[in-house]
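Novice: Any chance you could fold what I've pasted below:
(chains A and B)
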Amino acid sequence: MPAKPAPGAIICHGMIGFDFTTGAYSRLSGGGNWTVRPIDWPGLSQPPALGQVQVVFDPPIKGPYSVLVSASRTPDAPMLCCNYGNVTPAGFEVILFNPVAVLSYQTVRNGSFSFLVIEQ
Amino acid sequence: MSNIRPGVDDNPADYLYLVKVNVPFDDRNKMIRVLKAIQAVQSEKMDPARIFSSHRLPDGGLKPRLVVADLHLNLLVGFGLRFFLGPLGSPGRADEQPVPNFPPGGSFIPRTPIRFGMKDRVVPLYLRTMNASGDQGWIASQLTARNSGQAPAPDDLNTAYQAFLAQGEADLLLQIECEFEFLVLDLLDAIRALVIDPEGLQIASIQRGVTRGDGKAHIGFFDGTSNMQQMMREDPLTYRSKIYLPTPSAAYPGQPIEVRDDPRYDGGTYLVYRKYHENLEKWFSDDFQITDFYGKTYQGEEARRHAIGRNPHTGQAISRASHRQLNDEPDHTEINLSYNEAHALKARGGQTAPFMGPFPPVPVGHGNAFNTQDIRLRRRGVAFSELNLQTGKVDYGLHFIAFQNNIQQTGFEFVNNIWLINPDFRRSTDGLMNPVGEIITPLEGAYYFVPPEQHSYPGDVFFE
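Specialist: From the prediction side, this is the model:
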C-alpha cells in the first residue's frame, strides 16, 4: 500500500479589513508572518486601494502552497466575491469584485476578506 | 418614457438662465416661507392654462400658445452643498469625507445639515465639493501666464483653487428656461420682486444661455447626439437607474442608510454645472492639431474630426478603421468604433472591456482589469455667447449641465476624471478637453441636488 501523504499544514492565515473611512486595508486577525498592501502602482509611493491587494509573506514561502480566499459581504455589495492570482514565493494578489449589480457597479470593489495558505 | 420631468428629461428650451442665489440666514421657518413664495410665483407664472401670444393655423385661424405646454416655461430648483453645510471654508465643510471615483460603492458617514433646522434629514450623499481633474492644472496655467511664465507656488495655487471652488457655489440654483426669452425674464423678475428682495436673499450670479438654433455647440458639432434618447423612450427603467435616485437599484432589504440616499429623496437627481469657455479662434484655426497614441499628428479640419469623432455636418460617427461615416445604431453605440482620442468616445467609455487606470495614469504594461462600466449621464447643456458691449467682442462657451444619480462614481466626476482627462484611458487624452490643447477652460462650476418633484414647494422633502 502506498504511503499516505502527509497532510498539508496551514502556515499562514488571516482576516483583512477595508476601512471605508480611511480607504485602507489592514490586518484584523491572523498570524504575524504576513502583511497586506495595495498592489504596486508605478510612480505612486502610496497607491490607492482599488479592490486589488497584495498579501506579502514574511519570510517568503519556499515550497508550493495552496491559497483559499473568501470575501466578507459589504452593506452595499452583499454578494461580494474575491479570487487570487500572481502566486509567488513572496505572496499573492487578491482581487475583490461585485458580480451582482447593474453594469455600472459590476467591477472591482473594496471590501474585507479572509485567507488561508496551506503548504504541501 | 411617459412621465418626463421638465428641466431634466426634456430638451432645453431656446433660452435658459441659471441664477445662483445665496441665503444669508439659517432660520427654518423663514426658509420654508421663501420656498413657498417661490412656489407661489411658479404656480402663477407656470399655470398650465396661462396663455402668451398665439400662432396662425393653416386655415387662417389663431391658436393661443400655452406658456408651459407650448413654450416650455419651466423652473427647476437645485440645492447646493452650501444650503446644507454652509460655504466652503466654514466649519460645517471641514473634514469632508471624499467619495472615491473608483471603485464604485462604499459606506459613507451620513451628514446632518447644520442649517435651517434640518435635524431629521441627511445631506444628499453625493453632494460634495467639486473635484474635477484638470481644474487645478487650468488654474496653474492661468497663474503662470499672469506671472510672466513663472509657475505658482503650491500655496498660491491652492488658494486660487479654493477661491475658484467657493466662487462657483451657491445655496440655490434656479434653472429657468423658455422658448421666449421674455417669459424667462418675467419669471425671474417675479421671483426677484416677490421672494429675493423682500426676504433678503442675494443673487450671486445670473448666467444666460441661448441655443444656436442649429443644434450645435459653438465648436461646430451637434451637441447631445448620443444622450440616452432611445433608452429614455424604450427602457425607462434603465434610464431612471442612471439619472434618478435610488442608485443603483431598489434597496436591499435592511440596507443601512450609510450606503445610500434617504429614501425620501427617491426621484431626485444630482445636477452638475460647469461653465466652459471655448477658444474658438484656436479651435477653428488651420494650426489646430492633435496627436493620437501612436504619435500621428492631425491638423485643421481632420484634427477637429479626430477630436470629436463625428462629422460636423451630419453628426455621424467616423470609423477609426475605414474613416468612413457610420450608420446610426440603437443608443448610438456606433460611437464605440470611432477614434480613441475622440471626445464622443472617451465620454461614452466604449463597450465593456478592461482598461488601464484609473486616474492617475500608469505606464503601459501596468494596467489591471477594471470593468469599463456602463456609465451614462443626461446632458442638458446650453451654449453661451457673451457680448462685451464696450468692445463688441464675444466670448463663446457652453453651460454644461448634466444629471445623474451618483456624481462621483457613475456620473460627471467619473467621466471627467477617469475617462476624459486620463491619457491612459483609450490610450489618449480627450481630443477636445485636453488641457494642453487650451481649447476648453472651466470658468466655474458646482454640484446641486434636485429633489424629487414637489408636492407642496421646491425642497419640501427636506422639511416635511
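Novice: just so I have it, where are all the helices in the stretch 1-150 of chain B?
Specialist: For the stretch 1-150 of chain B, the helices identified by DSSP state H, counting those that start in this stretch occupy B:28-45, B:81-85, B:135-146, in order along the chain.
Novice: quick one: contacts of the longest one?
Specialist: Defining contact as Cβ atoms under 8 Å, 6 or more residues apart in numbering or on different chains, one finds that helix B:28-45 is touched by B:23, B:25, B:67, B:73, B:75, B:77, B:116-118, B:183, B:186-187, B:190-191, B:194-195, B:199, B:201, B:454, B:456-460, B:463. C-beta here means a position set from N, CA and C on the backbone, and glycine is covered the same way.
Novice: so where's chain B uncertain?
Specialist: Residues of chain B that meet the criterion pLDDT under 70 lie in B:248-257, B:352-369.
Novice: Chain A now?
Specialist: Counting by pLDDT under 70, chain A has low-confidence residues at A:1.
Novice: rewinding a little: which of the contacts of helix B:28-45 count as buried?
Specialist: For the contacts of helix B:28-45, burial is judged from neighbour counts taken by 16 or more other Cβ atoms under 10 Å in any protein chain shown, and it is met by B:23, B:67, B:73, B:75, B:77, B:116, B:118, B:183, B:186-187, B:190-191, B:195, B:199, B:201, B:454, B:457-460, B:463.
Novice: Regarding chain A, what is its longest strand?
Specialist: Of all the elements of type strand in chain A, the one with the most residues (DSSP state E) is strand A:9-19.
Novice: From the contact counts, what lies against it?
Specialist: Other helices and strands packing on strand A:9-19, by 3 or more Cβ pairs under 8 Å, 6 or more residues apart in numbering or on different chains; DSSP states H and E, are strand A:24-30, strand A:34-38, strand A:52-57, strand A:113-119.
Novice: Among the buried ones among the contacts of helix B:28-45, which ones are in strands?
Specialist: In strands, judged by DSSP E, the following of these are found: B:75, B:77.
Novice: residues in contact with the most centrally placed residue in chain A?
Specialist: For chain A, the residue sitting closest to the mean C-alpha position, by Cα atoms, centre = their mean, is A:Val94 at 4.1 Å. When contacts are counted by Cβ under 8 Å, 6+ apart, A:Val94 touches A:52-55, A:69, A:82-84, A:113, A:115.
Novice: cool, and A:Phe20?
Specialist: Taking Cβ under 8 Å, 6+ apart as the definition of contact, the neighbours of A:Phe20 are A:110, B:106-108.
Novice: Who wins on neighbours among those residues?
Specialist: Most neighbours among those, by other Cβ atoms under 10 Å in any protein chain shown: A:Asn110, with 27 neighbours.
Novice: That one contacts B:Phe102, correct?
Specialist: No. Taking contact to mean Cβ atoms under 8 Å, the distance of 10.0 Å between A:Asn110 and B:Phe102 leaves them out of contact.
Novice: what sits in contact with each of those two?
Specialist: A:Leu50.
Novice: which parts of the stretch 1-150 of chain B sit against chain A?
Specialist: B:97, B:100, B:102-109 (Cβ under 8 Å from any Cβ of the partner chain).
Novice: again, only using 7 Å
Specialist: Applying the criterion Cβ under 7 Å from any Cβ of the partner chain, the portion of the stretch 1-150 of chain B that neighbours chain A consists of B:97, B:100, B:102-107, B:109.
Novice: Can you tell me which residues in chain A are near chain B?
Specialist: Residues of chain A lying close to chain B by Cβ under 7 Å from any Cβ are A:20-21, A:23, A:41-42, A:50-52, A:75-78, A:101-110.
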